[in-house]
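Novice: What follows is a predicted structure for the sequence shown.
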Amino acid sequence: MRSLSMSRVAAENERTSTVFGLSDFAGLGIVLAVTLAARLVPAVYLGNEVSDLSIYRYMALIVLRGQDIYEIPNVFPYTPMSLFLPAFALQLSGWLHQPFHLVMKIYPLLGDLGSASIVYLLGRRCWASGRALLLGLAFALNPVSILITALHGNIMPLSVFFAFWAYYLLDHPKRGRTYILSALALGMGIGLRSWPVLLVPLLLRPGQLKWRQRFVYLVVAGLPTVLTLGPYMLVNFTAIRHEVFEYKSVADLGWVGAWRAYYFLQTGTREAPQAFLWLSNSRFYFLGAYGVVVLAAWVVPALFDTAGWIATALLLNYTVMGGMAAQYYSWVLPFLIGYPVYYAVFSLIVTGALITFYLALHPGIVLGPFPPPFAYTQPQIFTWNLGFLVATWAVGAAWLLWVVGRFVGGRRVAAPPPLVAEAQPARLRWVTWCTLALSGALAGALALELPFIVRSRPPGEMPATIEWISAGRGPELGNFEAPMAVAVDPSGNIYVADLGNHRVDRFDSAGTFLSAWHTDQGAATPLVEPAGIAAVPSGEVYVLDNAGRIVRLEPTGAVAPYIDLVPLGTYSPRGLAFDSARQRFYVTDTGRSRILVLGVDGKLIETWGGVNTKLSFDIGWGLAIDSRGNVFVTERGNSRVRKLSPAGKLLAEWNVRDGIYDVAVGADDRVYVSSSDRAQLWVFDNDGHLLGQIRAPMAARAQPQGRALAAVPPHDMVFTTEASLIRLDVKP
């Protein structure tokens, strides 16, 4: 990791200081084209609405309903600047008739394109366009970046771009003119995600700006967050404090994540003792160590260039902080590009950590809607994941030891060199080929899904007759704001649980509105957020209220309490189904990643799954029961359907493209799944083999998000979009 002498850097600059001509545009164009292609191809062919992308849809719907998202726990722990990005993506996906997950990935893709451009431009400060091209390709083909942007779809790379741009502008030869723009870029990055605040004292270290300029820099960098967060704090400071300022990160990866993986291998659960206590305490360990790094950056600024100090702080975070989310590993990538050997080793190990983590807990991220090309078990994957997490920690520790050795050995430079001055030409070529090999290996691994992609031609449209379309959007009786569930009683009446309007609407079999149960009837048990509904053969109708209870709808219009779920510790329950043969209710306890099995007396019979268990349901949602008592669950976090026996044994599971919502089982035991991204139904046989699709009429596609679904014997279906209730005659 020796740096070039500044005389050599100056000589190289002198030799290549031509006008920014065609060759430079060509080099930048190649970098951008490769960056785009390397992410767009897997995003199109393997992309699916899973994990964070399904949460983004949930966020978008909350925003579009005009709700305060900070009132809903554990959904959005960031400042409001990025709050409206998912909502705009959801609207745009409807206008363009493209999958939401693909539109949502525009944001991280733009971030990667911006970062790749800056890497190339930094290379041009020191090298000829050919070497700058190699540097740009080393970032464009980085497999960690490709995984997070193209498959995971998290918007973190957009924040990384703004932070990297802030560094680029402040490291500019004319920083006296560009530092305000740098501060604004950093403020945008902090507004999107809070981590770039770690860069502030490192960007303002001695030799960068005068004291007055530093003050201006701080004010400008804080403006985006203050202007967007301030109004929310005035309205509801308590919620902001709890959701934003008391956010404790996650323990998916990092050294606490490694401990949880080891504990899973020993016990079968990731609920490791002390894990979250260690995670909480590690924040204080990190802040203390980070203070030492900042002090060193101010006392001996010539030890590193600015990017080196930033990389040190971020790698310290990875090493000392107990918990990491997958997308956090994108922070350091552009700042490490000037240290090619370390950049390559770090990328290799983190790629392994991410792939094994995704396969273990969110397989839909890397597999898309397709089955795995090889058989594996969770313990096998967690064994590899544990190894990669330990190696990731060791690589971070190795960097910190190298920094200490550099300090003790008195390694100094006369002036902080540009970022890429550390990258010697031979090592630059080596790391580019190494990165190309890594991305090639990733492409080869993803190509194992190619046979499934080739065979998964779009299914033919199944014949179905539109019998009627009823209702519209709005607060009026018979219209909807957020229909969550639908049920049909033995008389053919249709009940729609409308969470947005806090009521249940009843229609006859022809779609005519009959009556409603809602909150303004003075009932002792008002409906708060009706989320699930089930009609039993005796004619009674039960509603799962998000307040943590099951209530019964009385013919008089009253709502009678039935089962209290609060003592069971439920959190955001969503789905409800009734098994008449076994006289039991099933509830998807979405926030606890489990299914509750309840008797008609309200007593808990058993629990299936749970957080961090082998049978964990990632955003479990809809429920349906076939003629044999098998239970079907839609798992929105992995965009898949899971089939369980009446005893809770997993019988089958399969992925569904473009996100899912609800599930219903017809009289012939066919399985119907509503798409959360388009007004259509997917039709499967009872074991998950795709039979075809049913598209809604054009009038319904104007509000394309599919919603609730229910079967009407003998072969009809009723389902809702955002603003329509539709009855279909499905041909057997």
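Specialist: In hand now; what should we look at?
Novice: for this protein, which spans come out with low pLDDT?
Specialist: 1-23, 248, 410-436, 438-461, 471, 519-525, 658, 677-679, 696-706, 732 (pLDDT under 70).
Novice: May I see the domains of it written out as residue ranges?
Specialist: Annotated domains of the chain cover 6-455, 464-730 [automatic domain parsing].
Novice: mind putting the ones you listed in a markdown table, mean neighbour count included?
Specialist: C-beta: built from backbone N, CA, C; applies to glycine. Supplementary listing: these in a markdown table, determined by neighbours: other Cβ atoms under 10 Å:
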| stretch | mean neighbour count |
| --- | --- |
| domain 6-455 | 19 |
| domain 464-730 | 20 |
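Novice: next structured bit after the host helix or strand of residue 38?
Specialist: Using DSSP states H and E, the element containing residue 38 is helix 22-46. As assigned by DSSP H and E, the chain's next helix or strand after helix 22-46 is helix 52-64.
Novice: Let me know whether residue 690 touches residue 683 as I believe.
Specialist: Yes. With contact defined as Cβ atoms under 8 Å, residue 690 counts as touching residue 683 (7.5 Å).
Novice: Paired strands for the helix or strand hosting residue 505, with orientation please.
Specialist: Taking DSSP H and E as the criterion, residue 505 maps to strand 503-507. When pairs are called by DSSP bridges, strand 503-507 turns out to pair with strand 494-498 (antiparallel), strand 513-518 (antiparallel).
Novice: next one: the last one to chain centre, how far?
Specialist: In other words, strand 513-518. From the chain centre to the centre of strand 513-518 is a distance of 37 Å (Cα atoms, centre = their mean, to the nearest Å).
Novice: Heading C-terminal from it, find the next helix or strand.
Specialist: Toward the C-terminus, strand 513-518 is succeeded by strand 530-535 as the next helix or strand (DSSP H and E).
Novice: Report all helices and strands that that following strand contacts.
Specialist: Under the contact criterion of 3 or more Cβ pairs under 8 Å, 6 or more residues apart in numbering; DSSP states H and E, strand 530-535 touches strand 483-488, strand 494-498, strand 503-507, strand 541-545, strand 573-579, strand 584-589.
Novice: Mind putting the ones you listed into JSON lines with distance to residue 669?
Specialist: JSON lines is the format used below for these (distance: least, Cβ to Cβ, whole Å):
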{"stretch": "strand 483-488", "distance to residue 669": "17"}
{"stretch": "strand 494-498", "distance to residue 669": "22"}
{"stretch": "strand 503-507", "distance to residue 669": "26"}
{"stretch": "strand 541-545", "distance to residue 669": "24"}
{"stretch": "strand 573-579", "distance to residue 669": "15"}
{"stretch": "strand 584-589", "distance to residue 669": "17"}
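Novice: partners of the residue nearest to residue 515 when sequence neighbours are not counted in the sheet?
Specialist: Excluding its sequence neighbours, the residue lying closest to residue 515 (Cβ to Cβ, 6 or more residues apart in numbering) is residue 506, at 5.0 Å. With DSSP bridges as the criterion, residue 506 is bridged to residue 495, residue 515.
Novice: Which other helices and strands does the helix holding residue 38 contact?
Specialist: Helix 22-46 sits against helix 106-126, helix 129-140, helix 143-146, helix 425-447, with contacts defined as 3+ Cβ pairs under 8 Å, 6+ apart.
Novice: The helix or strand just after the third one: how far from the chain's middle?
Specialist: Translated: helix 143-146. Later in the chain than helix 143-146, the nearest helix or strand by DSSP H and E is helix 156-170. Relative to its parent chain, helix 156-170 has a centroid offset of 21 Å by Cα atoms, centre = their mean.
Novice: now stretch 82-94
Specialist: Counting by Cα atoms, centre = their mean, stretch 82-94 comes out at 14 Å from the chain centroid.
Novice: Tell me the secondary structure at residue 663.
Specialist: Three-state assignment for residue 663 (DSSP: H, G, I helix; E, B strand; the rest coil): strand.
Novice: Helix or strand: which one has the spatially closest residue to residue 727 that is not a sequence neighbour?
Specialist: Nearest non-adjacent residue to residue 727, counting by Cβ to Cβ, 6+ apart: residue 467, 4.3 Å away. Take DSSP H and E as the rule and residue 467 turns out to sit in strand 464-470.
Novice: What backbone torsions are found at residue 373?
Specialist: The phi/psi pair for residue 373 (degrees, to the nearest 10) reads phi -70, psi -10.
Novice: what's the distance between it and residue 46?
Specialist: Look at residue 373 and residue 46: by Cβ to Cβ, to the nearest Å, they are 12 Å apart.
Novice: Provide the backbone phi and psi angles at the closest residue to residue 386 other than its chain neighbours.
Specialist: What sits nearest to residue 386 in space, not counting adjacent residues and going by Cβ to Cβ, 6+ apart, is residue 261, at 4.3 Å. Phi and psi for residue 261, reported as degrees, to the nearest 10, are phi -60, psi -40.
Novice: how close does residue 261 sit to residue 321?
Specialist: For residue 261, the distance to residue 321 - Cβ to Cβ - is 17 Å.
Novice: And for residue 127?
Specialist: Applying Cβ to Cβ to residue 127 and residue 321 gives a distance of 35 Å.
Novice: same check, this time on residue 152
Specialist: 20 Å.
Novice: Then residue 215?
Specialist: 30 Å.
Novice: what's the answer for residue 645, then?
Specialist: 42 Å.
Novice: Residue 303 now?
Specialist: From residue 303 to residue 321 the distance is 23 Å (Cβ to Cβ).
Novice: picking up where we left off before, can you redo the strands paired with strand 503-507 as CSV with distance to residue 253?
Specialist: Output for these, formatted as CSV (distance: least, Cβ to Cβ, whole Å):
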stretch, distance to residue 253
strand 494-498, 38
strand 513-518, 45
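Novice: quick one: which of those is nearest residue 476?
Specialist: strand 513-518 (9.4 Å; Cβ to Cβ).
Novice: residues making contact with that closest one?
Specialist: Outside strand 513-518, the residues that touch it by Cβ atoms under 8 Å, 6 or more residues apart in numbering are 470-471, 477-478, 493, 501-508, 526-527, 543, 553, 557-559.
Novice: what about 10 Å?
Specialist: Residues from elsewhere that reach strand 513-518 (Cβ atoms under 10 Å, 6 or more residues apart in numbering): 470-471, 476-479, 493-498, 501-508, 523, 526-527, 530, 541, 543, 551, 553-559, 725.
Novice: Contacts only, for residue 365.
Specialist: 46-48, 50-53, 147-148, 150-153, 326, 354-355, 357-359, 638-639.
Novice: next one: residue 55
Specialist: Taking Cβ under 10 Å, 6+ apart as the test, what residue 55 contacts is 75, 76, 86, 154, 619, 636, 637.
Novice: What of residue 117?
Specialist: 28, 31, 32, 35, 136, 139, 161, 164, 165, 168.
Novice: Next, format these as JSON lines and append distance to residue 463.
Specialist: Listed next are these as JSON lines, based on distance: Cβ to Cβ, whole Å:
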{"residue": "28", "distance to residue 463": "52"}
{"residue": "31", "distance to residue 463": "50"}
{"residue": "32", "distance to residue 463": "46"}
{"residue": "35", "distance to residue 463": "44"}
{"residue": "136", "distance to residue 463": "52"}
{"residue": "139", "distance to residue 463": "50"}
{"residue": "161", "distance to residue 463": "49"}
{"residue": "164", "distance to residue 463": "54"}
{"residue": "165", "distance to residue 463": "54"}
{"residue": "168", "distance to residue 463": "58"}
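Novice: Quick check: of those, which lies closest to residue 594?
Specialist: So of the contacts of residue 117, ranked by how close each gets to residue 594 (Cβ to Cβ), first place is residue 161, at 38.5 Å.
Novice: So the closest one sits against residue 185, correct?
Specialist: Yes. Residue 161 is within contact range of residue 185, at 8.7 Å (criterion: Cβ atoms under 10 Å).
Novice: quick check, residue 348 in a helix?
Specialist: Yes. Assessed by three-state DSSP, residue 348 belongs to a helix.
Novice: mind checking how far it is from residue 315?
Specialist: 15 Å.
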